[in-house]
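Undergrad: what would the 3D arrangement of this be:
(one chain, ligands or ions: 2)
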Amino acid sequence: MKQPLPKGFKVLEVEEKWQKKWEEMGVYRFNWDDKTSPTFSIDTPPPYPSGEFHMGLVLNWTYFDIVARYKRMRGYNVYFPQGWDCHGLPTEVEVEKLHGIKKTDLPPDQFRMLCEELVGKNIGVMKKAITNLGCSIDWTTEYKTMDPNYWRRTQLSFVLLHKKGFIYRGTHPVNWCPRCETAIADAEVEYETRTAQLHCINFKLEDGGFLTIATTRPELIPACVTVTVNPHDERFKQYVGKKIHVPTTNRTVEIITDDLVDPEFGTGVVMICTYGDKADVKSVAKHKLPVITCIDEKGRMTQNAGRYVGMTTEEAKKAVIEDLKNEGLLEKTEPLNQEVSVCWRCHTPIEILEKEQWFMKTRILSSQVEKNALEIKWYPDYMKYRLIDWAKSLDWDWVISRQRVFATPIPIWHCKKCNEIILAEPNWLPIDPRIENPKIDECPNCGSKEFKPERDVLDTWFDSSITCAVHAGWPDKEDWRRLFPADVHPSGVDIIRTWAYYLMVRHLALFNEKPYKSCLINGMVLGTDGRSMHKSFGNYVASQEVFSKHGADATRQWVAGGGATGSDIPFRWPDVEYGWRFLIKLWNAARFVSNQLKDYKPNENAEYVLQPLDKWVLNKAEKLTKKVTDALEGCQFNIAMEEIRNFTWHVFCDCYIEAVKDRLYKPNFYGEEKRKAVQYTLYTVLYRILQLLAPITPHITEEIYQAMYAEDKSHKSVHLSHWPTLDEKRIDEEAEKHGDLIMAVIIEVRREKAEKRMPLNTQIKKLTIHAGGKDTAEIIMKGREDISGACKVANIEIMPEKGDGREIKPYNNIRFIAEY
Ligand SMILES: [Zn+2]
Ligand SMILES: [Zn+2]
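TA: Ligands and ions are numbered 1, 2, ... in the order given. You can find the predicted model right below:
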């Protein structure tokens, strides 16, 4: 044994030291040369570099770092990569704000440089936070999706999917954010309840009379293409096929029937506009109706809106209502709470515009998504339905093109003369068509030598939804399938419909194989007030504040112990403080042990004269090992955490150490053999605690391991030691029962002293135990030395018969009398 541990435990210093050393020692490197150990690959989601590693990410990363560390100790060659999902609108918006410009003020490549600069800075901040959290990432794998080398992969996947027929360009209604001026996917649409005005408007029938229509969007009236009623609605049967005048225009449209119209809703008469919502899109397709676009990309009224041209939708809404009032067509207006579709990023209500865009056929994969989702192991299990239900609910294919700058370019050109599409060849990649020409001399269709670049770029999710293959080494490493599918894909409950879904469809389409074998879902972090954590709610806590106060090991205990996997967990300072106090308790116990082991040399062949309490704690440590192993296998981190903390704090520190101190201190009295037995037990049980705790609190366990065990054990880090397997030989139920009884005696005697306000070391002149039976008397007899030592008893008498005295819980036939 080296020097005993020092007195104070400087959490922050120790953590920083190991974070540096682990990197220098290469403890967490994936071993590419090792072709025999089983591999375990983690599909680390590349985070969006916002510049802030918030508590939600702390939760996320702690979960899969625990898994990585556990699997590494189980003997897996663990692959734990880290990338950054750089592209996207928020960076563009931030750069515009920072430099006071619009993205169109600069050439695309210059604007892109400003974005890259900002992203680089943000990555630095977040990388530091991931390091401070103690994540066992192999940093040699770091990548950025904005690097040309990653573009190459994203573009290659586009080219391959295009060749396989999964990509098409089509004119189709898409969700459109007029603020961000780009198409967005269904997954990026959020719903908010807002109060709108429901207007009841009279549409004049050509033959006289009118029908009343209820709408919250009167500004869309100029785009009305038909009026529908339910075919079984007796009230309106006579009007079907008749013409009705569209207010604010000089057009008439035909009244048709559609069984999707709910006679109970509104007035039972519905106008179909192009487009107010997805129901309109369905009607247009079903009845082959014309499309009148009256709103443009910026959310302003077009020529088709007649006198409202140039107005914003809000202005047009007011103007239309004013005009209807003047014409006497407005019946009434009342407030209505409704779900509004908004842009996930800026919360502007989205419009549905008909646009020429690039799409990926995803709906044809829905049944395969379901089949694979059912085969995959989910933690927790019920989360699989989030993916299945989402896939089944989709009305549209995935719109993958965006009208932005900072994104992966679509590797396509169009022939200026005949419009032929020129798709890049794999060996041209990476390529930016906005800067470079296709590497062909002439259009294969018409021979023209002039091409226009595709100016649309790819959705960011198109970059990040191939990570399972990219992490594995696709397309460069020949044996990339060794790490594919990923063993685990970790995800937040809120991004199953994006991340887990897009990964699934991309890899199914590309490789006809599922991308991951299991899915580990974390919930949301709530603020201290139970609401979701948000800066504007005043309940926001920055991760660096938590780290700098109590360190990573305490923070990680809050994560692990905070709640069941997949459930939302509130951030609680007391949980972090409790974690910190546990570290101090563990340190003090280890320090005590290190002091007692100065003259101890571990010897595997030695036979120790184990006493009942030694066997008892060893037995409990074995059972703890089984419980913790089972919990970690099932990703039940909170169960593992509680089991280890309870054992360490109560069984090991409060009970065992206190009970055997006398035996340690007085070898002359008890005999050296019995002291050796305690030393062996302390050495063994503490090591077990360190190993079981290592995945959750990696720093303190390493510090104690290096000081006390590294010399004897052959591993350069506790994190490379072999996870303890259950040693059946050590399980001894009888010894545990005996130990429970002896410990109960000690606890009860000490409790009596405490109640009498006597110091615990007060000498008991005589302790009489009425064991209530011959068998129990014999058991207590075996532990009499530890009982006497722990309770400072001068003279102990153990009687087999029942008798008077204080009851020893929970054994109601056993009683004792202490004479002081
Ligand atoms: Zn937006
Ligand atoms: Zn051509």
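Undergrad: ok, now how distant is the residue nearest the centre of the chain from Val253?
TA: Central residue of the chain (C-alpha atoms, centre = their mean): Gly492, 3.2 Å from the mean position. Gly492 sits 46 Å away from Val253, going by C-beta to C-beta, to the nearest Å. Any C-beta I mention is one placed from the backbone N, CA and C, and that applies to glycine too.
Undergrad: do Lys102 as well
TA: Lys102 sits 40 Å away from Val253, going by C-beta to C-beta.
Undergrad: more neighbours: which of the two?
TA: Using other C-beta atoms under 10 Å, the more surrounded residue of Lys102 and Val253 is Val253, with 19 against 10.
Undergrad: my guess is that one contacts Lys242. True?
TA: No. Val253 is beyond contact range of Lys242, at 10.2 Å (criterion: C-beta atoms under 8 Å).
Undergrad: quick check: closest non-adjacent residue to Tyr687.
TA: Using C-beta to C-beta, 6 or more residues apart in numbering and skipping the chain neighbours, the partner closest in space to Tyr687 is Tyr709 (5.9 Å).
Undergrad: got the phi/psi numbers for the one you found?
TA: Note on Tyr709: its backbone torsions stand at phi -120, psi -20 [degrees, to the nearest 10].
Undergrad: list the residues that contact it.
TA: 687, 690, 718 (C-beta atoms under 8 Å, 6 or more residues apart in numbering).
Undergrad: export the residues you listed to a markdown table and tack on distance to Asp323 and pLDDT?
TA: Rendered in a markdown table, the data for the contacts of Tyr709 read as follows (distance: C-beta to C-beta, whole Å; pLDDT from 0 to 100):
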| residue | distance to Asp323 | pLDDT |
| --- | --- | --- |
| Tyr687 | 83 | 98 |
| Leu690 | 78 | 98 |
| Val718 | 77 | 98 |
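Undergrad: can you tell me which residues contact Glu339?
TA: Here Glu339 is in contact with 191-193 (C-beta under 8 Å, 6+ apart).
Undergrad: need the three-state assignment for whatever residue of the stretch 151-300 of the chain ends up closest to ligand 2.
TA: Ranking the residues of the stretch 151-300 of the chain by distance to ligand 2 (C-beta to the ion) places Arg169 first, at 15.9 Å. Assigned with DSSP: H, G, I helix; E, B strand; the rest coil, Arg169 falls in the strand class.
Undergrad: show the pLDDT at the residue lying closest to it once chain neighbours are set aside.
TA: Distances taken as C-beta to C-beta, 6+ apart place Trp358 nearest to Arg169, at 5.4 Å, with adjacent residues excluded. You'll see Trp358 listed with a pLDDT of 96.
Undergrad: I'd guessed Trp358 sits against Ile400; true?
TA: Yes. Using C-beta under 8 Å, Trp358 is in contact with Ile400, at 5.2 Å.
Undergrad: between the two, what contacts are shared?
TA: By C-beta under 8 Å, 6+ apart, the residues touching both Trp358 and Ile400 are Ile167.
Undergrad: that older thread, hang on, the residue nearest to Arg169 in a helix?
TA: No. With three-state DSSP as the criterion, Trp358 is strand rather than part of a helix.
Undergrad: look at Cys346 and say how many residues are nearby.
TA: There are 13 residues near Cys346, going by other C-beta under 10 Å.
Undergrad: from what I see, it and Thr182 are in contact.
TA: No. If you go by C-beta under 8 Å, Cys346 and Thr182 don't touch, sitting 10.8 Å apart.
Undergrad: all helices for the stretch 651-800 of the chain, in order.
TA: Taking DSSP state H, counting those that start in this stretch to define them, one finds helices in the stretch 651-800 of the chain at 658-665, 667-670, 672-693, 698-708, 733-755, 774-782, 784-791.
Undergrad: mind putting the ones you listed in a markdown table, mean neighbour count and distance to Thr226 included?
TA: A markdown table is the format used below for the helices of the stretch 651-800 of the chain (neighbours: other C-beta atoms under 10 Å; distance: least, C-beta to C-beta, whole Å):
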| stretch | mean neighbour count | distance to Thr226 |
| --- | --- | --- |
| helix 658-665 | 20 | 84 |
| helix 667-670 | 14 | 97 |
| helix 672-693 | 22 | 68 |
| helix 698-708 | 24 | 65 |
| helix 733-755 | 18 | 79 |
| helix 774-782 | 16 | 89 |
| helix 784-791 | 22 | 89 |
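Undergrad: would you format the ones you listed as TSV with distance to ligand 1 included?
TA: Below are the helices of the stretch 651-800 of the chain laid out as TSV (distance: least, C-beta to the ion, whole Å):
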stretch	distance to ligand 1
helix 658-665	63
helix 667-670	76
helix 672-693	46
helix 698-708	41
helix 733-755	63
helix 774-782	73
helix 784-791	68
